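# requesting a structural model of the entry that follows:
(2 chains)
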2 protein chains.
Amino acid sequence: MQSVLFILNAIENGETTPQETVARSFDAIAATDARIGAFRSLADRDGALAIAGKATGPLAGIAVGVKDIFDTHDMPTEFGSAIYVGNRPAGDAALVAMMRARGAVLAGKTVTTEFAFLQPAGTRNPRNLAHTPGGSSSGSAASVAAGMVPVAVGTQTGGSVIRPAAYCGVAGYKPSFRLVPMVGVKTFAWSLDTAGFFAASVADAAAFVARLTGRALAVEPVDPKALRVGFYRTSIWGEASADMQAAVELAAERAAKAGAAVVEIDEPPALTAARDAHLALQNFEAALALAFEYENHRDRLSDVLRENLEQGRATSAEAYDETRRIARRARRETGALFETVDVLLTPSATGAAPLGLSSTGSPAFNKLWTLTGNPCVNVPGISDAAGLPLGVQVLARFGRDRMALSAASWLETLLAGVQITASKNGALRAALP
Amino acid sequence: MQSVLFILNAIENGETTPQETVARSFDAIAATDARIGAFRSLADRDGALAIAGKATGPLAGIAVGVKDIFDTHDMPTEFGSAIYVGNRPAGDAALVAMMRARGAVLAGKTVTTEFAFLQPAGTRNPRNLAHTPGGSSSGSAASVAAGMVPVAVGTQTGGSVIRPAAYCGVAGYKPSFRLVPMVGVKTFAWSLDTAGFFAASVADAAAFVARLTGRALAVEPVDPKALRVGFYRTSIWGEASADMQAAVELAAERAAKAGAAVVEIDEPPALTAARDAHLALQNFEAALALAFEYENHRDRLSDVLRENLEQGRATSAEAYDETRRIARRARRETGALFETVDVLLTPSATGAAPLGLSSTGSPAFNKLWTLTGNPCVNVPGISDAAGLPLGVQVLARFGRDRMALSAASWLETLLAGVQITASKNGALRAALP
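Numbers count the residues shown, from 1 in each chain, chains lettered A, B, ... in the order given. Have a look, this model is predicted:
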């Protein structure tokens, strides 16, 4: 994979130039994407290299893949929908404009499921082409995992950043709600939609977003003895595969061995309720956000989307308001959890990437945290017996993105190259305090 | 002015048809708008009448003016900016699609200041053509005040719904934050931007939004003896003109005489701090939201916008985060205020509409409530010695929109036709409990 930090250091040391590193990304795409299908459209190579040649900002030399629900004035923006084939927005999404202003170059628009919902779009998982890369940020996760670009941008409404990152074995970072702007991004559910980032390692993702936003987000060294980790199985632990359970237990075990204080945390009922409320809230907002498409192009929507929009239309305003109150209580409860721990450790997905391309997998372990808005990081490194990645998720208090990233980066070093060969479900619980 | 309730009742009673009422709006625009300048572009009359002729939804027969920062797939959407002349979005904003699905007809796009900020755009105040109609929803307020359409849609980031409604002498309703979707509306500051509605009376505005959203928002009869009104002068009372002070004092006096429990409420320091923090928060978000325009079309921005964007760019992420914390505290404090009162009564603007078209006036009395997200209503009815309207503002607890609308509608009946002939600043304070 291409590393943000490696590229930036090499440029800083005069060993390469932004033009060369961007050219390498375009070369990798040309050599690789035919079998992955991560990109929906590509930027003009010569134009991009010309821009890179003049770039001076803190992201100069970084080629980025951007999910095709972000507006770009110079590339089609099709939202993964037949309704918008050839659509050309008048301007760039705020995040795109920010990246460009800081010297990054857009390599292309990455494949998204239809309006970033569930209908799969054909991208393959670089770790095993027979498996899904996850969704909805399918192309973004795959483009980084296949070594085509050092960074890709996606979004998460249910689990569309953390899950595909986990399936593809790359770092995924979903910032605190509205830490980065969503202006110019096709809305699915405005209370949930959150931009996120894919990179080879957690430190790479953190470095990119730090330079993009000017925020102090670069990972810091973690003193394990000062780190309090909550091992959070959730009330849906049974939905995780035996391999995934073993992976998270192993992560907790290694964190404890390295000196961190690891405690088990039972899920408060208010958070279980919030996970259950996510779909109704999402569908109600989606039915309004996509009212134009539903009213005018209903026959060009997938069945799964149309059915969910119809559920949203059938949801009363009162029922929606109740989901918002549930979400508010969940945010308060989550804040209370972080009185006793610095980070929570929980599965990134129910297991490894499912076989086949007919489903992008389940967001069960992600959607609660999209609703609460906490920063989440997928820690790559563990794989199953077949070599498929098993991601574990680290999250921190709202606004403590640097803590989530730093702890995740530390854990990444403890888990690099680990393979789960046999499940040992349940064995860890007794070992923890 | 055209009344939503009158139109809907007349259609329901078979006295007129949706086609006739919509035609009347187009006729009024043709007869009036040359001297007002409320519309930036008009829908095709024949096409609109054909749609109205077939409309069956709960808003059939209502012609609407929509601020030109809402996307429309069949009309230009120019955001009041030279950068976007002739811009044609691919779809409709969610609110536009909702209105159309419920039978309303778009009469046209109303004039907005540049990106809904401060640069005036030439619309005149129908109550006196020498005066500003206020901004940024200049055309929306004026189109209703001049009797061209029964309803217009605008947005408020500082005071862009309540202030122009007050200046033009119409009802203005800014719902609770995110009660109505902002999808497809040009973003200025995502924590603040709120769609709002203009109509002849408060009951008209409430009826329209009730039918639009399916929410129980129609005004209810108020039992004055059960109504607790907080007279909220604010810490910037001195910025209100003597006439405005007299108008709000009179409103409090009449409410008390009619049986309501009126108490003076001093502004908590946390709310003063929030008002002071509004601009920094707004500018930081605007600098990101308009990053594409700033980076690519800087020379086509007004001086006032460019300067504010540059202030936003110079604001640190830490300073911005602090404004968000201040906003959160203010929301909590506002909630506490509503433990003891049902509504707050406060000025809608610093005074009557300023003379001339070189300024759209001050949002000083609005921006705090945009930041807290409380529902606000401008109550029309009072005017000054020159006949210019003096609006008073009623607001309620977050989510209690129906309370704000019902109390405002009740107050509207108490204040209809009142003229402030001489200021009596300060005379009321002693009369209150």
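# for the rest of this, base every contact and every neighbour count on C-alpha atoms.
Noted.
# show me what A:Leu355 is bridged to.
Taking DSSP bridges, one obtains A:His131 as the residues bridged to A:Leu355.
# can you give me the neighbour number for it?
Using other CA atoms under 10 Å in any protein chain shown, the number of residues around A:Leu355 comes to 16.
# got the contact list for it?
Going by CA atoms under 8 Å, 6 or more residues apart in numbering or on different chains, A:Leu355 touches A:Ala130, A:His131, A:Thr132.
# how distant is the helix or strand hosting A:Phe26 from the center of its chain?
Using DSSP states H and E, A:Phe26 maps to helix A:18-36. Here helix A:18-36 shows a centroid-to-chain-centroid distance of 22 Å under the convention CA atoms, centre = their mean, to the nearest Å.
# what sits against the most centrally placed residue in chain A?
The centroid of chain A falls nearest to A:Val161 when counting by CA atoms, centre = their mean (1.8 Å). For A:Val161, the contacting residues are A:Gly135, A:Ser136, A:Ser137, A:Ala141, A:Gly154, A:Thr155, A:Gly172, A:Tyr173, A:Lys174, A:Gly196, A:Phe197, A:Phe198, by CA under 8 Å, 6+ apart.
# 10 Å instead?
Listed by CA atoms under 10 Å, 6 or more residues apart in numbering or on different chains, the contact set of A:Val161 reads A:134-138, A:140-141, A:153-155, A:171-174, A:194-198, A:348, A:363, A:366, A:376-378.
# how about the helices in the stretch 201-350 of chain A?
In the stretch 201-350 of chain A, the helices defined using DSSP state H, counting those that start in this stretch lie at A:202-213, A:242-257, A:269-289, A:291-296, A:303-314, A:317-337.
# what is the fifth one packed up against?
Think helix A:303-314. Contact here means 3 or more CA pairs under 10 Å, 6 or more residues apart in numbering or on different chains; DSSP states H and E; on that basis helix A:303-314 packs against helix A:269-289, helix A:291-296.
# quick check: mean pLDDT across the longest one?
For helix A:269-289, the per-residue pLDDT values average out at 98.
# still on that earlier bit, in CSV: the helices of the stretch 201-350 of chain A, plus mean neighbour count.
Formatted as CSV, the helices of the stretch 201-350 of chain A follow (neighbours: other CA atoms under 10 Å in any protein chain shown):
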stretch, mean neighbour count
helix A:202-213, 23
helix A:242-257, 22
helix A:269-289, 22
helix A:291-296, 19
helix A:303-314, 16
helix A:317-337, 18
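# with distance to B:Asn87 added, can I get these in CSV?
Listed next are these as CSV, based on distance: least, CA to CA, whole Å:
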stretch, distance to B:Asn87
helix A:202-213, 29
helix A:242-257, 50
helix A:269-289, 21
helix A:291-296, 18
helix A:303-314, 29
helix A:317-337, 34
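# buried set for stretch A:68-76?
Residues of stretch A:68-76 classed as buried: A:Asp68, A:Ile69, A:Phe70, A:Asp71, A:Thr72, A:His73, A:Met75, A:Pro76 (neighbour count, 16 or more other CA atoms under 10 Å in any protein chain shown).
# wait, does it contact chain B?
Yes: using CA under 10 Å from any CA of the partner chain, stretch A:68-76 reaches chain B at A:Thr72, A:His73.
# and the end-to-end length of that stretch?
8 Å (CA to CA, to the nearest Å).
# which stretches in the stretch 301-433 of chain A count as strands?
Counting by DSSP state E, counting those that start in this stretch, residue ranges of the strands within the stretch 301-433 of chain A are A:343-347, A:376-383, A:389-396.
# so which of those is nearest chain B?
Evaluated with CA to the nearest CA, the strands of the stretch 301-433 of chain A place strand A:389-396 nearest to chain B, the distance being 17.0 Å.
# list the residues that contact the nearest residue to A:Phe365 once chain neighbours are set aside.
Ranked by CA to CA, 6 or more residues apart in numbering or on different chains and with sequence neighbours excluded, the top spatial neighbour of A:Phe365 is A:Ala349, at 5.6 Å. Going by CA under 10 Å, 6+ apart, A:Ala349 touches A:134, A:159, A:162-167, A:239-241, A:244, A:361-366, A:378, A:390-393.
# go again with 8 Å.
Shown in contact with A:Ala349 (CA under 8 Å, 6+ apart): A:162-163, A:166, A:240, A:244, A:362-366, A:390-392.
# tell me how many other residues crowd A:Ala38.
Neighbours around A:Ala38, by other CA under 10 Å: 34.
# again with the one 10 residues further on
The number of residues packed near A:Ala48 is 20, by other CA under 10 Å.
# so it sits in a helix?
Yes: counting by DSSP: H, G, I helix; E, B strand; the rest coil, A:Ala48 falls inside a helix.
# and whichever residue of the stretch 101-250 of chain A sits closest to chain B, what's its pLDDT?
Closest to chain B within the stretch 101-250 of chain A is A:Val183: 5.9 Å, counting by CA to the nearest CA. pLDDT for A:Val183: 98.
# again with the one 3 residues further on
For A:Lys186, the pLDDT comes out at 98.
# how about it: what's its closest non-neighbour residue?
Of all residues not flanking A:Lys186 in the chain, A:Ile69 sits nearest, at 5.4 Å (CA to CA, 6+ apart).
# so that neighbour sits against A:Glu114, correct?
No: counting by CA atoms under 8 Å, A:Ile69 sits too far from A:Glu114 to count as a contact (9.3 Å).
# mutual contacts of the two, please.
Residues within reach of A:Ile69 and of A:Glu114 at once, by CA under 8 Å, 6+ apart, are A:Phe79, A:Gly80.
# using JSON lines, please lay out the helices and strands packed on helix A:303-314 together with distance to chain B.
Listed next are the helices and strands packed on helix A:303-314 as JSON lines, based on distance: least, CA to the nearest CA, whole Å:
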{"stretch": "helix A:269-289", "distance to chain B": "5"}
{"stretch": "helix A:291-296", "distance to chain B": "5"}
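# ok, the residue nearest to A:Phe365 to chain B distance?
Noted for A:Ala349: a distance of 30 Å to chain B, by CA to the nearest CA, to the nearest Å.
# could you measure from that residue over to A:Ser241?
Between A:Ala349 and A:Ser241 the computed distance is 9 Å (CA to CA).
# how about A:Cys376?
Separation of A:Cys376 from A:Ser241 (CA to CA): 21 Å.
# now do A:Leu290
To A:Ser241, A:Leu290 is 35 Å away according to CA to CA.
# which of those two has more neighbours?
Of the pair A:Leu290 and A:Ser241, A:Leu290 is the one with more neighbours under other CA under 10 Å, namely 24 against 17.
# how about the contacts made by the more buried one?
A:Leu290 touches A:Phe188, B:Ala94, counting by CA under 8 Å, 6+ apart.
# and if you look at the one 5 residues further on?
With contact set as CA under 8 Å, 6+ apart, A:Glu295 has these partners: B:Ala97, B:Ala101.
# same deal with A:Ala90?
Contact partners of A:Ala90, counting by CA under 8 Å, 6+ apart, are A:Thr72, A:His73, B:Tyr84, B:Asn87, B:Pro89.
# now with 7 Å?
Contact partners of A:Ala90, counting by CA atoms under 7 Å, 6 or more residues apart in numbering or on different chains, are A:His73.
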